[in-house]
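*Asks:* fold the following, please.
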Amino acid sequence: MDLILWRHADAEERTNGDDLQRLLTPKGVKQAEKMAAWLRERLPDDHIVLTSQAARAQLTARALTSHYKVLPELNPDSGFANLLTAADWPDGRQAVVIVGHQPTLGEVASFLLAGDASCWSIRKGAVWWISHRIRDQADQTVLKVAMSPEML
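*Replies:* Residues are numbered from 1 along each chain as shown. So this is what the prediction gives:
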């Protein structure tokens with residue numbers, strides 16, 4: 001299974017309003033478009049995209065596809081266990097792109113790669129592509145790539 005953790009692109013600063021309504025900045029729109037183009041060339045045809053209810057995450061996902069599923073379990077601060085359940089990690093049969101938030105995405109990466117849900121930082125608009133495989137009857141988790149939009 002491939003799990004692609006995609007942090008939402010650069011967004012407006014938080015004001016007194018609803019955090020879920022924050023939009024992407026012009027910089028964020030460019031970040032999302034660059035990363036979406038990079039992903040499009042690499043994702044299998046049967047991948048699925050899951051995103052939080054936050055406008056900034058949905059706008060990031062929309063740069064890749066109009067076919068994504070919105071899940072409240074992926075909202076900010078919903079916890080890494082909810083994300084892994086939503087993705088059906090590690091048993092899913094499709095590649096899953098999760099468009100989400102810090103600190104949850106960093107906690108997922110840390111948990112899968114180091115065995116502890118620490119606060120690893122993932123840059124805005126960046127992708128961490130993690131794979132699960134079985135080799136010699138042993139489960140393995142592999143970091144395939146960590147890519148930020150600035151590198152594209």
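*Asks:* mind listing the helices for the chain?
*Replies:* Along the chain, the segments classed as helices by DSSP state H run 26-40, 55-62, 80-87, 104-114.
*Asks:* what's the most buried one of these?
*Replies:* helix 55-62 (a mean of 24; mean count of other Cβ atoms under 10 Å). Using the backbone N, CA and C atoms, a C-beta is placed for each residue, glycine as well.
*Asks:* ok, and what's touching it?
*Replies:* With contacts defined as Cβ atoms under 8 Å, 6 or more residues apart in numbering, helix 55-62 is touched by 6, 8-9, 11-12, 20-24, 28-29, 32, 49, 51-52, 68, 70, 74, 97, 99-101, 125.
*Asks:* contacting residues around residue 134?
*Replies:* Residue 134 touches residue 140, counting by Cβ under 8 Å, 6+ apart.
*Asks:* tell me where the model's unsure across the chain.
*Replies:* The chain contains no residues with pLDDT under 70.
*Asks:* let's have the helices of the chain in a markdown table, adding distance to residue 135.
*Replies:* A markdown table is the format used below for these (distance: least, Cβ to Cβ, whole Å):
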| stretch | distance to residue 135 |
| --- | --- |
| helix 26-40 | 26 |
| helix 55-62 | 32 |
| helix 80-87 | 21 |
| helix 104-114 | 16 |
